[in-house]
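Student: Pasting the sequence and the predicted coordinates here, then a few questions.
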Amino acid sequence: MKDLIPNIPIKGIEVRLEKNTLIISSDRELKTLSSAVIGGGLAHTNYIICDKNPEKTLLDMTREYSIVNPVGIFSAGNIENLAMNYEKSKSATVVAIATGGTIGNKNLSESGAINIILLIDADLTDSALCNAIITATEAKTLALQELDIRSSMDSIVVACTGEGKMIMRPNSATEKEVVYMTIRTVKHSVKEAILPRLGSIAGRSIFERLKERGITLEDLVDAESELYIPNPKLNKADFLEIFRNELLKAVQDINVSSLILAGMRIEEDGNKGLIPNLTATEFQNDPIHLVADEILGMEIANYIAGTNGVFEFRRVDRIKPKIIGKVGPFMDDLLAGLIAGVSSKIFSRINESDIEWN
């Protein structure tokens, strides 16, 4: 079966799907620069292929379709999850094709490959091809930042037709135009290729975001298990089940979610050394004069359970059970505030009532 990808605005270039393989063929020889496993580096070819089938090699596939000297890359995701965007100007046409292979392990911080194939209908020097690789990478990074997701193991192929005026000077007006076209087309293609697999990006829950950072709901339940104080009205097993359910309810509150997200952002900036007057090394050592993390943690606990939650936060922050003792300066206080608030809320209601919690 052959499915043509419509609206390729470069004469003589055809893009099609053959089973689990994306094949780009050109009547003219293309000059390419890539990180491809076959034909990588600087090369000349009439074929660019992207294959998913793990049971065969790219060389097997090239023989199957009688393709000679291709540039070939592998995809961890479904080849059909691709997107294409293009822009045209008087001096060049830029086409960006992206295959979305994120969430290889249902964990965005361990995502699969995002492959980008950039077709430029212009004559690029070797240095201009290098600049195009850099620009495409930056555009992909921008797309992922806007979606708040992570990716690894990516491949990029840049191909030019050799037509038109040669683009060689890094700061020429023509190349600047191609750079901006590349940024826009790559960014849009990456986002469109990823979105069908991610579902609702903006609306994913706090626990989904925590999981991206290696923290699960059960990690918090295990931490609370270590803190449990026996209560005659509620045994430990029942308490932990209630605690699990109440955690899920708590993070659905937009104010709790907002406080946690704020702390996550600050932790990422701190690890990059972006907090004014605080280096990344100093931040990671959690200096005594950094108290904004405790303030956030106490606010979370206070919002959920009032004064009792704040006092419980101090106990949790001192003991730092299990996962809370293994995460960063802000994350430990965010988690401590969350479990302190939820546990205090449960026990306050239990102690104020003569009936069993429900």
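Tutor: Arrived safely, thanks for sending. Numbers count the residues shown, from 1 in each chain.

Student: Outline the domain layout of the protein.
Tutor: Per automatic domain parsing, the domain ranges recorded for the chain read 2-198, 206-352.

Student: Any idea which of the ones you listed has the lowest pLDDT on average?
Tutor: Looking at the domains of the chain, the lowest mean pLDDT belongs to domain 2-198 (a mean of 81).

Student: tell me which element Q145 is part of?
Tutor: Q145 belongs to helix 126-147 when assigned by DSSP states H and E.

Student: looking just at contacts, which helices and strands does that helix meet?
Tutor: Judged by 3 or more CB pairs under 8 Å, 6 or more residues apart in numbering; DSSP states H and E, the packing partners of helix 126-147 are strand 21-34, strand 114-120, strand 155-160, helix 173-198. Where you see a C-beta, it was placed from the backbone N, CA and C, and this is true even at glycine.

Student: partners of the next helix or strand after the third one, with directions?
Tutor: The C-terminal neighbour of strand 155-160 among helices and strands, as given by DSSP H and E, is strand 166-167. When sheet partners are counted by DSSP bridges, strand 166-167 sits next to strand 123-124 (parallel).

Student: Just the residues contacting the partner strand, thanks.
Tutor: By CB atoms under 8 Å, 6 or more residues apart in numbering, the surrounding residues in contact with strand 123-124 are K31, A132, C160, T161, G162, E163, G164, K165, M166, I167, M168.

Student: what's around the fourth one, how many residues?
Tutor: T161 is flanked by 23 other residues according to other CB atoms under 10 Å.

Student: what's near enough to touch it?
Tutor: I10, G12, I13, S26, R28, L30, L119, I120, D121, A122, D123.

Student: Please report the distance of the third one from N20.
Tutor: So the one you mean is I13. Noted for I13: a distance of 21 Å to N20, by CB to CB, to the nearest Å.

Student: same thing with the first one?
Tutor: Counting by CB to CB, the gap between I10 and N20 amounts to 24 Å.

Student: More neighbours: which of those two?
Tutor: I10 (20 against 17).

Student: List the contacts of the more buried one.
Tutor: Contacts for I10 were tallied using CB under 8 Å, 6+ apart; they are T93, V95, L119, D121, T161.

Student: Can you name the residues that contact the second one?
Tutor: For V95, the contacting residues are I8, P9, I10, M84, N85, Y86, L118, L119, I120, D121, T185, taking CB under 8 Å, 6+ apart as the criterion.

Student: Helices along the protein, start to end?
Tutor: Per DSSP state H, the chain carries helices over the ranges 58-64, 126-147, 173-198, 206-212, 217-227, 236-250, 254-271, 280-284, 292-305, 307-319, 329-352.

Student: Deepest-packed of the ones you listed, please.
Tutor: Among these, helix 329-352 has the highest mean neighbour count (mean count of other CB atoms under 10 Å), at a mean of 24.

Student: Just the CA coordinates for that helix, please, in PDB.
Tutor: Extracted in PDB, the C-alpha atoms of helix 329-352 (Å, rounded to 0.1, in the frame of the first residue of the first chain):
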ATOM      1  CA  PRO A 329      15.200  21.600  47.400                       C
ATOM      2  CA  PHE A 330      11.800  22.700  46.300                       C
ATOM      3  CA  MET A 331      10.300  19.400  45.400                       C
ATOM      4  CA  ASP A 332      10.800  18.000  48.900                       C
ATOM      5  CA  ASP A 333       8.900  20.800  50.400                       C
ATOM      6  CA  LEU A 334       6.100  20.700  47.800                       C
ATOM      7  CA  LEU A 335       5.600  17.000  48.500                       C
ATOM      8  CA  ALA A 336       5.900  17.500  52.300                       C
ATOM      9  CA  GLY A 337       3.300  20.200  52.200                       C
ATOM     10  CA  LEU A 338       1.000  18.000  50.100                       C
ATOM     11  CA  ILE A 339       1.100  14.900  52.300                       C
ATOM     12  CA  ALA A 340       1.100  17.000  55.500                       C
ATOM     13  CA  GLY A 341      -2.000  18.900  54.500                       C
ATOM     14  CA  VAL A 342      -3.900  15.700  53.400                       C
ATOM     15  CA  SER A 343      -3.000  13.600  56.400                       C
ATOM     16  CA  SER A 344      -3.800  16.400  58.800                       C
ATOM     17  CA  LYS A 345      -7.200  17.000  57.200                       C
ATOM     18  CA  ILE A 346      -8.000  13.300  57.500                       C
ATOM     19  CA  PHE A 347      -7.000  13.000  61.200                       C
ATOM     20  CA  SER A 348      -8.700  16.300  62.100                       C
ATOM     21  CA  ARG A 349     -12.000  15.000  60.800                       C
ATOM     22  CA  ILE A 350     -11.500  11.600  62.400                       C
ATOM     23  CA  ASN A 351     -10.700  13.100  65.800                       C
ATOM     24  CA  GLU A 352     -13.600  15.500  65.600                       C
END
